[in-house]
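Undergrad: Give the three-dimensional model of this entry:
(3 chains)
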Amino acid sequence: MSFPYLTVTFALPAAGAIVTAAVPAARRTAAKWTALVFSLATLVMAAIVIVRFDPGGGQFQLAESHAWIKDFGVSYDLGVDGIGVALLALTALLIPFVILAGWHDADPLEEARPNRRWRPTQGFFALILAVEAMVVLSFEATDVFLFYLLFEAMLIPMYFLIGGFGDRAHSGGDEAAATQRSYAAVKFLLYNLVGGLIMLAAVIGVYVVAGTFSLTDIAHLRAAGDLSMSTSTGRWLFLGFFFAFAVKAPLWPVHTWLPSAMGESTAPVAVLLTAVVDKVGTFAMLRYCLQLFPEASKWATPVILVLALISIVYGALLAVGQRDIKRLIAYASISHFGFIIMGIFAMTSQGQSGATLYMVNHGISTAALMLVAGFLISRRGSRLISDYGGVQKVAPVLAGTFLIGGLATLSLPGLSPFVSEFLVLVGTFSRYPVIGIIATIGIVLAALYVLVLYQRTMTGPVKATVQGMSDLKVREVVVVAPLIALLIFLGVYPKPLTDIVNPAVHQTMSQVDRTDPHPQLEASR
Amino acid sequence: MDNLIALLIAAPLLGAAVLLCGGRALDRVGPLVGTVLSGASFVIGAVLFADMLGKGAGDRTMTQHLFAWVPVAGFKADVGFQLDQLSMTFVLLISGVGTLIHIYSIGYMAHDERRRRFFGYLNLFVAAMLLLVLASNYLLLYMGWEGVGLASYLLIGFWQHKPSAATAAKKAFLVNRVGDMGLSIAIMLMFTTFGTFSFGGVFGAAHGATEGKLTAISLMLLLAACGKSAQVPLQSWLGDAMEGPTPVSALIHAATMVTAGVYLITRSADLFNGAPTAQLAVVVVGGVTLLFGAIVGCAKDDIKKSLAGSTMSQIGYMILAAGLGPIGYVFAIMHLVTHGFFKAGLFLGAGSVMHGMNDEVDMRKYGGLRKYMPVTFVTFGLGYLAIIGFPGLSGFFSKDKIVEAAFAKGGTEGWILGAVTLLGAAITAYYMTRMMLMTFFGEERWRNTATASPDAPDVEPAAEERGRHAEPHPHESPSVMTIPMIVLAIGSVGAGAFFGVGDRFLRWLEPVTGHSEGNSPVSAGVVTAATLVLLVVGAGIAYLQYGRRPVPARAPRGSLLTRAARRDLLQDDFNHVVLVRGGEHLTRSLVYVDHTVVDGVVNGTAASFGGLSGRLRKLQNGYARSYALSMFGGTAVIVAATLLMRAV
Amino acid sequence: MNPVYYLYLASLLFTIGAAGVLIRRNAIVVFMCVELMLNACNLAFVAFSRLHGNLDGQIIAFFTMVVAAAEVVVGLAIIVSMFRARHSASVDDASLMKL
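TA: Residues are numbered from 1 along each chain as shown, chains lettered A, B, ... in the order given. The predicted structure is shown next:
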């Protein structure tokens, strides 16, 4: 019985959530520090997990298994592969920045409410840690039921984070802001619940067919040829899973909850949503859709690729047309999720490794861009692009970091998103050339929406509304600088990441029974 | 020695990092740091060059492998460098001319409060361009390629407070991105065809690929080259790029950026050689741009924009030469180097003129300046003679060779191409003479005029301190600015002869690019004679129009062609109507669709559920007896159903 | 003996009780009608018990009586407190439990 690394990684933020929630109402700062300390401890733990993880080892490492609900074959099975580790690290990495960036987001507007039970600050940070705990565990789970449980459960804290602590910047005043917020939160919840409901049916279906929820057991059954799943059953179950993940990812046409949710929530929560929680969806496609239903995955590939392609172009075009900074970033994310899904279903090593890297890099780049955008918005109290102009003159550091975040979003070579985007494109191109070529249009459109956003907000004459805006404060620099450093480091030297991810992708590819297409002239090399 | 290659890039990159991340403390020393680090790169380049000369022609290629960059299954991209004669030529040009421009900028940007950042961007530009020419595989080249795009974006938009500058920067980046799309598709094609995209792997296997594949790859590379080198149809960003400070224009036009396309095509010679259709496309693009740029150059009154047209045209020459295949590669590069000297000199000269004229750019408001700025006059004049191909100066050697090579292509093609290049030479002579006459000769049209006409782009901020609305007092620039101009002028005069005599350059570069003579239907002497005649004709017409007669201070309406040329031959208008407007409509309608249709379906579902539940709610009226009735009714239904089932 | 008559009587009583619950508004009367229905059921149980010759039905009848007694205690208390609060014993006045 070795040390339960994975359980501890999950338990730390979970405990942190409870402790933070229990901090007395008056000690708001203490609550913030508690949350930060717990998130940093989780980061340390995640680092230990990475060190312990052996890229060359078996598929699921650091495994733990405990019986849970024996009658239904549900067990508390944990284990990570390279993909899980990478995303675990991303989650643990981003949360401290989310907490730091949201340091003042849940401060009461005025101290006029001496209510002992009213503790929004504690609630805000506790909810963030709760989300972290659930996301971490969902990356670790190797039991379908356990995963499903977390997949659904993380909606609850997210719902409260969006609906309860939304963006205060709204042109229509507090009333309108509250209405918009609750609309966005309900929309988020309903969309994901519908997806989850369909997934539940499929989860039960898996149990009926396989008699177990354990991923490794199912793999063994399949390998031994004991898994009697008819083709049509497999396809239906696949669709059930895929729909839920597509909603969460989100994929066109079930994407509309993301812009409202990201637009109405505060920037750190938006980052939590798109950079962390949504990754569970794309992660699950790789882990569950492909590994549980290889045949159905191949069957559905053409349609999914087309949907992904539509997401890429459609998201980018809509981003160009947005007037709201956060919604613009949300649509950009939809475009990027299209790339991720395209990479996963291209079924090539480059595509899937690229997609996994993309998940990590998109997390970092979106965090950088969105958090700086949040800093900008908090200074002026408006999300409308047209309310800004000439910011770089008064706040050059803010503008510079914003530009770097933007350049990462448009996948500039030298920054990490380029590596993943190019891998996805190459991986797709080598099997589906036409789709690969059309997807490159996304590159141009990304440049368009990023540069237009930068030009309208940061350049030009200094607008009166921007006059006297302060530059980034120390706390804000502490948030952004490491993210930028990471973007550059992983852009120039992504090998540590690819080393971890490649074997896992290889494993997935062999489970789907696909090999990379051979270059036409390999012999002559 | 090989391990020094990385230092070439590291030096300016370090400069960029230090200058951009360092705080205000570096404001004072910033320009110096940037210049020194750029100079260090040149020194390292020179050392490597000396080392390279010491080796035999066959084994001059140096390589350095740093680390595996992106290894995923069969996809292997390394951070590795390759320094051969071709790269060496570029390294010396980039770091040499780049450093001169750094030095010049010390004077030119002396009054700008953000000059630390300016030098940081310049260093970044040099570093990216060096990475581009030193990369040993296409993906790393792509990194440099986009790095150049980023640096140009930052520098063109350096005066960000001017909306026009910000727009121009964005436009440059976007147009380049379209080209980059080509490069990325080319790399993907290489990967699926050859399984690799390192230079060695691709060129080694190129002969085994089908012509169709090679043509596809080459055409995509051409698209990339069009973007970066401002060739038709992706040329529209170059004119607007003049919004940047003048040293930036010199850097973009002479040492970096626009030369990248020529490099790419020459570097990929093995691919293009196997794809005649693609080569034809290259030649056509080069030929069209050559004339396009020249015509635009004739019509512009803005000295920088006229020079921009000229660059476009000269790069057209190079692309055309590169498209000719082994006949032309060497001469394309040779013209590129000589052009690097004289165009940098011309731009710095133009900057010097503007510096002395309160940043006025309209040549109609110049005139007679030779008395006031003798050094600028002489250096600009030498650059002028070089570019028009005056016998003995560098342009004469390099351009002549291209014209010869064009004829040597053979057949009808050869005649057409030869004629185009000759015509281009005549037009070049015309617009350059026009520029020379309008600026340095004739009456002093700047007297009694407030400069900076309203339609001229908003002037540089430093000008405000110098009192921009007063009558200008033309004066010579400080020596920190004139010395680089003098050095470049020496290059403009001597480089051609140095390279051309005894085919020195040819022998230097031949091992890399290969060379064949072709069979020219006309002898070299005839070509030279024809060029000279056309040169005189072009210059003569210009003299008749602008030398003999006074130049009107306000531009005459001009012919239809002139007016079109002033508007960049309507390319921008086309872009605006088709791409900008069309795109706006598309995005707007999509936003509408997303809101009403996609979201509408969802909201509609929600609303219908809401309506249904509203109706069901009415059943809950609170009266105990109605609940009781529904209970009885329910029981009755169940009982009846049970009985019925029994009966059946 | 013939149980049919007992069952006729039981269903008659049940119907009267059900009609009373549905029609009458006075809470006391409704209450009495509910008792009537319960007792109709009791009658049926006892009749079947007699018919089958075992005691199951009679036991259930006793259960019903106990439950009915408990119900009366709670129910009457509610009715009395309702009457005190609103000076009316009409069930329609207590229609607050709606959405």
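
Undergrad: What's the local residue count around A:Leu62?
TA: Applying the criterion other CB atoms under 10 Å in any protein chain shown, we find 22 residues in the vicinity of A:Leu62. All C-beta spots, glycine's among them, are computed from the backbone N, C-alpha and C.

Undergrad: I figured it hits A:Val51, correct?
TA: No - here A:Leu62 does not reach A:Val51: they are 11.0 Å apart, not a contact under CB atoms under 8 Å.

Undergrad: Next one, pLDDT for the residue in chain B that chain C sits nearest to please.
TA: Among the residues of chain B, B:Gly622 lies closest to chain C, at 3.2 Å counting by CB to the nearest CB. At B:Gly622 the predicted local confidence, pLDDT, stands at 76.

Undergrad: Next, count neighbours for it.
TA: 13.

Undergrad: Just confirm it contacts C:Asp93, I think it does.
TA: No - in this structure B:Gly622 lies outside contact range of C:Asp93 using CB under 8 Å: 10.2 Å.

Undergrad: overlap in contacts of A:Leu62 and A:Val51?
TA: Counting by CB atoms under 8 Å, 6 or more residues apart in numbering or on different chains, A:Leu62 and A:Val51 have no contacts in common.

Undergrad: Please pull out the lowest mean pLDDT helix or strand from chain B.
TA: Comparing every helix and strand of chain B by mean pLDDT, DSSP states H and E singles out helix B:462-465 as the least confident one, with a mean of 44.

Undergrad: Next secondary structure after that helix?
TA: Using DSSP states H and E, the next helix or strand after helix B:462-465 towards the C-terminus is helix B:479-500.

Undergrad: quick one: average confidence on that next one?
TA: So the average pLDDT for helix B:479-500 ends up being 84.

Undergrad: same deal with stretch A:81-95?
TA: Averaging pLDDT along stretch A:81-95 gives 90.

Undergrad: Which residue, neighbours along the chain excluded, lies closest to A:Val209?
TA: Once flanking residues are discounted, A:Val209 sits nearest to A:Met229: 5.0 Å by CB to CB, 6 or more residues apart in numbering or on different chains.

Undergrad: whoops, I mixed them up, B:Asp572
TA: Counting by CB to CB, 6+ apart, the nearest residue to B:Asp572 once its immediate chain neighbours are dropped is B:Ser236, at 5.7 Å.

Undergrad: got a list of what the one you found touches?
TA: With contacts defined as CB under 8 Å, 6+ apart, B:Ser236 is in contact with B:Lys171, B:Val175, B:Asp568, B:Gln571, B:Asp572, B:Asn575.

Undergrad: Of these, keep whichever come out buried.
TA: Under a neighbour-count criterion of 16 or more other CB atoms under 10 Å in any protein chain shown, the subset of the contacts of B:Ser236 counted as buried comprises B:Lys171, B:Val175, B:Asp568, B:Gln571, B:Asn575.

Undergrad: Dump those to TSV, plus secondary structure and pLDDT.
TA: TSV is the format used below for the buried ones among the contacts of B:Ser236 (DSSP: H, G, I helix; E, B strand; the rest coil; pLDDT from 0 to 100):
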residue	secondary structure	pLDDT
B:Lys171	helix	87
B:Val175	helix	87
B:Asp568	helix	69
B:Gln571	helix	71
B:Asn575	helix	72
